[in-house]
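Novice: just a sequence and a predicted model for now, questions to come.
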Amino acid sequence: MSLRGEFVRLGTRWFIKRRTRCETAQDMRRRLGAIERLCPRPPASTTTTAVNAGNVKAHRITTPASHHVRHLLYLHGGGYRAGAIICYRHLTWRIASAARACVLAIDYRLAPEHPFPAALDDAMSAYRWMVAEGADPRGCAIIGDSAGGGLALAMLLRLRDEGFQTPAAAIAISPWTDLALTGASLHRNARSDPMLNASDLPMLAAEYLNGADPRNPYASPLYGDPVGLPPVLIQVGSDEILHDDAVRMAERLRSAKCRVELEIWPRMPHAWHLFVPVLPEAHRAIRRIGDFVESSSA
């Protein structure tokens, strides 16, 4: 692990984990709004276009490396109650370049105002819009971090179940796949996780589910039948409370004879890709995503 990685761990523990326990939705959104102002802007060669993607607010991001035949749908994290595409502008252009793709990043509706399945409905609408606009699913991939990682995997299940062509691949970064909260790492890594508080997850799950079954596969893809799903890359930090959400999801995919690549990155904080301006491990992880997309898509 790099020296910068150690500093990022210390920073997330001090400025995020210690100060965000039991936040309200409004407090969480205000905090992320403040972080937005610190996010570096993409280089001048990046083109960001606001679009209405099936009645879902979205940005289409392209760079000089982007190929018009390759498309990524990006689903942000935030526990289903916060997050916005503007906070990801320092990441999405890098993913577009690494995967040589056009990225569609969406602002799906958030809980508690819009509980399950609103986020999934919006993601589905955006993907269908992307395909209707000319994107060939064989050249598409879905990528998400944290809650967005679970949402990406849930999308694969629903697309398959509804008979709509699935994308060529999916990437799940530190995914939250089990809203029933049965993973042993929620307890085992509660102290070692430098960023997330395990005690916050029951509240976040309850807000999003709003009484729905936490084992509904469209909310918790860990409980779905993954037979027939496309290749999936899962990246997670070794000390994360969501470590077992990632590992068990990979095991489910593997047992169903799906191609899955699980990468456990030593001591990386939750969704460390977001620290790419300062973190060399984030650069390497993004390059791996680009390689995976290129090897999986037409």
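Specialist: Received it, and whenever you're ready, just let me know what you need. Residues are numbered from 1 along each chain as shown.
Novice: report the rounded mean pLDDT for stretch 10-26.
Specialist: Here stretch 10-26 scores 81 as its mean pLDDT.
Novice: can you pull the contacts of residue 168?
Specialist: With contact taken as CB atoms under 8 Å, 6 or more residues apart in numbering, residue 168 is in contact with 137-141, 230-231, 296-298. C-betas here are computed from N, CA, C, even on glycine.
Novice: what is the burial count for the residue lying closest to it once chain neighbours are set aside?
Specialist: Ranked by CB to CB, 6 or more residues apart in numbering and with sequence neighbours excluded, the top spatial neighbour of residue 168 is residue 297, at 4.1 Å. When neighbours are counted by other CB atoms under 10 Å, residue 297 registers 25.
Novice: how far off centre is the helix or strand encompassing residue 250?
Specialist: Assigned by DSSP states H and E, residue 250 belongs to helix 243-255. Offset of helix 243-255 from its chain centre (CA atoms, centre = their mean, to the nearest Å): 16 Å.
Novice: please apply the same query to stretch 163-177.
Specialist: With CA atoms, centre = their mean as the basis, stretch 163-177 stands 9 Å off its chain's centre.
Novice: give the buried residues for it.
Specialist: Residues 166-177 are the ones in stretch 163-177 that count as buried (16 or more other CB atoms under 10 Å).
Novice: got a list of contacts for the helix or strand bottoming out on mean pLDDT in the chain?
Specialist: Averaged element by element with mean pLDDT, DSSP states H and E, the chain has its least confident helix or strand at helix 25-36 (a mean of 78). Outside helix 25-36, the residues within contact range by CB under 8 Å, 6+ apart are 20, 23, 78-79, 81-84, 86-87, 110-112, 207.
Novice: likewise for stretch 40-51?
Specialist: Stretch 40-51 is contacted by residues 57-64, 89-90, 93, 96, 104, 277 when judged by CB under 8 Å, 6+ apart.
Novice: in it, what's buried?
Specialist: Buried residues in stretch 40-51, defined by neighbour count with 16+ other CB under 10 Å: 42, 46, 48, 51.
Novice: now render the residues you listed as CSV, adding secondary structure and distance to residue 6.
Specialist: Formatted as CSV, these follow (DSSP: H, G, I helix; E, B strand; the rest coil; distance: CB to CB, whole Å):
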residue, secondary structure, distance to residue 6
42, coil, 28
46, coil, 30
48, strand, 33
51, strand, 40
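Novice: identify, from those, the entry nearest to residue 225.
Specialist: Of all the buried residues of stretch 40-51, residue 51 has the smallest distance to residue 225: 33.5 Å, by CB to CB.
Novice: per-residue confidence at that closest one?
Specialist: pLDDT, residue 51: 98.
Novice: and it, how far from residue 156?
Specialist: Distance of residue 51 to residue 156, given as CB to CB, to the nearest Å: 23 Å.
Novice: buried ones only from the contacts of residue 168, please, as a PyMOL command.
Specialist: Those of the contacts of residue 168 that count as buried under 16+ other CB under 10 Å are selected in PyMOL with:
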select buried, resi 137+139+140+141+230+231+296+297
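Novice: in helices, which of the contacts of residue 168 appear?
Specialist: residue 296 (DSSP state H).
Novice: same list (the contacts of residue 168) but as a markdown table, adding distance to residue 126 and pLDDT.
Specialist: Listed next are these as a markdown table, based on distance: CB to CB, whole Å; pLDDT from 0 to 100:
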| residue | distance to residue 126 | pLDDT |
| --- | --- | --- |
| 137 | 14 | 97 |
| 138 | 18 | 97 |
| 139 | 16 | 97 |
| 140 | 11 | 98 |
| 141 | 14 | 98 |
| 230 | 18 | 98 |
| 231 | 21 | 98 |
| 296 | 20 | 92 |
| 297 | 18 | 82 |
| 298 | 21 | 65 |
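Novice: so which of the contacts of residue 168 are in strands?
Specialist: Among the contacts of residue 168, DSSP state E puts 140-141 in strands.
Novice: where does pLDDT dip in the protein?
Specialist: Applying pLDDT under 70 to the chain flags the ranges 19-22, 298.
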